[in-house]
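>>> I'll drop the sequence and a predicted model, then ask my questions.
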Amino acid sequence: MSEAWSQYSSGESYDELITSNGSPRVSARRLLNLIASLDKKELSERSAAADRCIREMGISFTVYSDEGDIDRPWPFDLIPRVIRASDWKEVNRGLIQRSKALNAFINDIYNDQKILAEGIVPAEPILDSPNYLEACRGVKPAHGVWAHVCGSDLIRDTKGRFYVLEDNLRVPSGVSYMLENREITKRVFPELFENYSIRPIDDYASHLFRTLASLSSRRVKRPTIVVLTPGIYNSAYFEHAYLAQGMGAELVQGDDLFVDDENLVMMRTVDGPQRVDVIYRRIDDTFMDPEVFRPDSTLGVPGLMRAWKSGNVAIANAPGSGVADDKVIYSYVPDMIRYYLKQKPILRSVKTYLCMDEKDREYVLQNIATMVVKPANESGGYGLMVGPHASAAEHKKFAALIEADPRNYIAQPTISLSTAPTIIGSEIEPRHLDLRPFILQGADSYVTAGGLTRVAMKKGSLVVNSSQGWW
Amino acid sequence: MLSRVANRLYWAARYLERSAGLSRVISAYTQFIMDTPKSAPVDWDVLIKIIDGESAYFSRYSKVTEHNVIKFLLSDEENLGSIKASVKSARENVRTTRDVLPEEAWELINELKLFVDINVEEAVKRRSRYDFLDGVMLQNLQIDGLFDSSMNRDRSFEFIRLGRYLERCDMATRAAAVGIASYSEGEQSADLDISVWSNILDSLSATSAYRRQIGPLVEAPEVVNFVFNGQDFPRSVRYCLDRVERVISNFKNNEACMKILARMQPRLDKFDAHRMNNKKIDKVIEQIQLDLHKLNAAIADTWFFPEVK
């Protein structure tokens, strides 16, 4: 059946499932044979079954818009992506290494600042970053861990080598969609699960629970854990509810909680106030406590920082973790691994040019047409420019932006992301994609087996960001 | 159990029960109208009264026609008491309490909402109406069954039960009010009389329960007594209030609610339709409705929006 794929070509990009001469990769052979054996009608029937499943399971995400219907069904591509266990083993180790180094870094920055004193990482871009929160200085969270949940975005170059593109340390989202995608695939392609040995992922919630429970300052068998959500209008609300349900934890909003005179965090229950041990927060740092940060925030809990600093409640991810979630800091992660862990970095990072550095800036401005330029600390693909796909006017615009605020921009060579066969209408075409695994860090470490794959729906596009509605 | 979550579960249960209850009433009433001669003094406006919808209805519709009334009760989203709006509200409440409910709850409620959204317009016509209403009732039974068979008997479950029985109690009094309203004593034939009261039983899915306990003869006072005081019938006013009391008696800080319930009890004890005229029964219904209203407010004050000392 391999000739079925001879028309398929992803150009020079590495394809996850099909080799450059048009034959299925060994690991994807059974999957692709199954898909090739379906005619168009059968394929569209399976697609329709997946859509129905998504509606019935109520898997939705929220798009910010002026119009009414904010809760949209989840877009899902039918064809699974196969990653070999042997490839994943290395990635798994590399991600844990990275998470440990990043946590050591955050802990250092808010305490001794040794790495700055020794000049391995420059102090200025860190201490001036809006993500550095002076209010967190001197806090020592359990196990020295600040970023308990990390979502790292991985890409593969033309040779199929994995690179880390960025680490999301504030409130990374997407894990529930990864879990639900698997559920849908099980319903739509049950055959695959007979023929492959696929590592299960559905124990994520129990790993998350264990990680969070290990942070509790009260040594009780089942500490009270809550998931703090900004509410139903947040784009990831579905996920907040999903994870709370998976952990048997309460899903709370700011006004469900209050801090009492002894700096304990309490939740309002039908049986009266009840003490909270661990907060898995899904709201941004500066919304967490109007006493310390934005006084206009109604999403948070007044006094929460007091309670956290007195060690009465654990917050995951800890306030201030975002200091390492910055594209300037990204370029120093290999140095951190060497400095804190005395190890060689296992995963590759993309060569990063810091526009605040004069030499780098000059290089970027000269080569802007071939590079990807990103703002240093904004998540999402809103303010990003892919040089080879942008017009001369856009090159000019970004050159001006860089010169006006060099600290806030970095640039990287454009990497041609890997592709995978994707159902577009009734055809199968290559589309670029990335991969977001989730790393948990508490008393122990855990990495999800695989991750959420996001697809750039537009042909040739390298932007796979979800806020644009493309997954 | 968070106060906010308790509030939402309670209302999720009320809205679900309302969609099922209203389906029963409309289905039974449609059957009843088909069995009624054209000359009979029965009309569709009874159904508007049952949900206290007069002002909402007449602000947008000028004439009382079957089409308008059914549209108002089924698919009119601006009528917050319509089946479509109830299911939508129930879903919103479940959407925000998924974490304390069985996983299938969210799937089932989505299926219900999809079913309603797809079929409700067509169901305004008589030919498709029965299947639609039947579907809403059956899917509600499925959801009730899921809760009963898979939930821990914890606070979440209790607040669902509280909402369900309170709404059911409310619906029973309203169904009885329809009977009283659609017939005035001594004015019409015995046939029509039977037909009215059979309709009331049908609208509470009570017909076979009534036959088994009271007998095959459908008589106005017996039906009214059954609907109010049927001790073993799970949709009677007495049975529902009894369950409400059982739930509340297990809660902390229940004094205000227990006081209202204690006041309602003697009214039911004294209730006997054989010795009361319609006006008197109407008055009792009104009192019970008022007490239910107070009870609802007391529940909210005590457990949903308590003041923290």
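Received, thanks. Residues are numbered from 1 along each chain as shown, chains lettered A, B, ... in the order given.

>>> contacting residues for the closest residue to residue A:271 other than its chain neighbours?
In space, residue A:271 comes closest to residue B:252 once its chain neighbours are excluded; the distance is 5.5 Å by C-beta to C-beta, 6 or more residues apart in numbering or on different chains. Just so you know, the C-beta spots here come from the backbone N, C-alpha and C atoms, and that holds for glycine as well. Taking C-beta atoms under 8 Å, 6 or more residues apart in numbering or on different chains as the criterion, residue B:252 is in contact with A:270-272.

>>> residues contacting residue A:210?
The contact partners of residue A:210, by C-beta under 8 Å, 6+ apart, come to A:442, A:444.

>>> tell me if it really is in a strand.
No. Per DSSP: H, G, I helix; E, B strand; the rest coil, residue A:210 lies outside any strand segment and is helix.

>>> kindly provide the distance from it to residue A:92.
As judged by C-beta to C-beta, to the nearest Å, residue A:210 and residue A:92 stand 18 Å apart.

>>> measure residue A:329 to residue A:127 for me?
Per C-beta to C-beta, residue A:329 is found 12 Å from residue A:127.

>>> could you report the neighbour count for residue A:369?
12 (other C-beta atoms under 10 Å in any protein chain shown).

>>> what's the closest non-adjacent residue to it?
Closest to residue A:369 by C-beta to C-beta, 6+ apart is residue A:387, at 4.9 Å.

>>> just to revisit the earlier point, give me the more crowded residue out of residue A:329 and residue A:127.
residue A:329 (25 against 13).

>>> contact partners of the one helix or strand that one maps to?
Assigned by DSSP states H and E, residue A:329 belongs to helix A:327-330. Under the criterion C-beta under 8 Å, 6+ apart, residues A:105, A:121, A:125-126, A:129, A:166-167, A:323, A:349, A:352, A:354, A:356, A:374-377, A:407, A:410 lie in contact with helix A:327-330.

>>> let's see which of those residues end up in strands.
Counted as lying in strands by DSSP state E, out of the contacts of helix A:327-330, are A:166-167, A:349, A:354, A:374-375, A:410.

>>> tabulate those residues in JSON lines, adding columns for neighbour count.
Listed next are the ones in strands among the contacts of helix A:327-330 as JSON lines, based on neighbours: other C-beta atoms under 10 Å in any protein chain shown:
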{"residue": "A:166", "neighbour count": "20"}
{"residue": "A:167", "neighbour count": "24"}
{"residue": "A:349", "neighbour count": "19"}
{"residue": "A:354", "neighbour count": "23"}
{"residue": "A:374", "neighbour count": "23"}
{"residue": "A:375", "neighbour count": "17"}
{"residue": "A:410", "neighbour count": "28"}
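
>>> per-residue pLDDT of the residue of chain B found nearest chain A, please?
Nearest residue of chain B to chain A (C-beta to the nearest C-beta) works out as residue B:99 at 3.7 Å. Listed pLDDT for residue B:99 reads 80.

>>> what sits against it?
A:227, A:241-242, A:244-245, A:249-251.

>>> rerun at 6 Å
By C-beta atoms under 6 Å, 6 or more residues apart in numbering or on different chains, residue B:99 lies in contact with A:241, A:244-245, A:251.

>>> I'd like the distance between it and residue B:45.
Distance, residue B:99 to residue B:45, using C-beta to C-beta: 43 Å.

>>> next, count neighbours for the nearest residue to residue A:178 once chain neighbours are set aside.
Spatial nearest neighbour of residue A:178, chain neighbours left out: residue A:452 (4.0 Å); criterion: C-beta to C-beta, 6+ apart. Applying other C-beta under 10 Å, we find 23 other residues in the vicinity of residue A:452.

>>> tell me the SS of residue A:227?
Of the three states, residue A:227 takes strand according to three-state DSSP.

>>> again, but for residue A:280
Counting by three-state DSSP, the backbone at residue A:280 sits in strand.

>>> who wins for neighbours among the contacts of residue B:99?
When neighbours are counted by other C-beta under 10 Å, residue A:251 leads the contacts of residue B:99 with 28 neighbours.

>>> host element of that one?
Mapping residue A:251 onto the secondary structure by DSSP H and E places it in strand A:250-252.

>>> who does that strand touch, helix- and strand-wise?
strand A:225-228 (3 or more C-beta pairs under 6 Å, 6 or more residues apart in numbering or on different chains; DSSP states H and E).

>>> sheet partners, orientation included, of the strand it packs on?
Applying DSSP bridges, strand A:225-228 is found paired with strand A:250-252 (parallel), strand A:278-281 (parallel).

>>> can you list contacts of the longest one?
For strand A:278-281, the surrounding residues in contact (C-beta under 6 Å, 6+ apart) are A:212, A:215-216, A:223, A:225-228, A:314-316.

>>> what comes up buried for the lowest-mean-pLDDT helix or strand in chain B?
Least confident helix or strand, chain B: helix B:190-203 with a mean of 81, by mean pLDDT, DSSP states H and E. Applying a neighbour-count criterion of 16 or more other C-beta atoms under 10 Å in any protein chain shown, one finds B:192-193, B:195-203 buried in helix B:190-203.

>>> from the chain's centre, how far out does that helix sit?
Distance, stretch centre to chain centre, for helix B:190-203: 18 Å (C-alpha atoms, centre = their mean, to the nearest Å).

>>> over to stretch A:221-238?
With C-alpha atoms, centre = their mean as the basis, stretch A:221-238 stands 17 Å off its chain's centre.

>>> ends of it, how far apart?
Using C-alpha to C-alpha, to the nearest Å, one end of stretch A:221-238 lies 28 Å from the other.

>>> what's in contact with that stretch?
Residues from elsewhere that reach stretch A:221-238, judged by C-beta under 6 Å, 6+ apart: A:60-62, A:173, A:212-213, A:216, A:240, A:243-244, A:249-253, A:276-283, A:299, B:96.

>>> go again using 7 Å as the cut-off
Under the criterion C-beta atoms under 7 Å, 6 or more residues apart in numbering or on different chains, residues A:59-64, A:173, A:176, A:209, A:212-213, A:216, A:240, A:243-244, A:247, A:249-253, A:267, A:274-283, A:299, B:95-96 lie in contact with stretch A:221-238.
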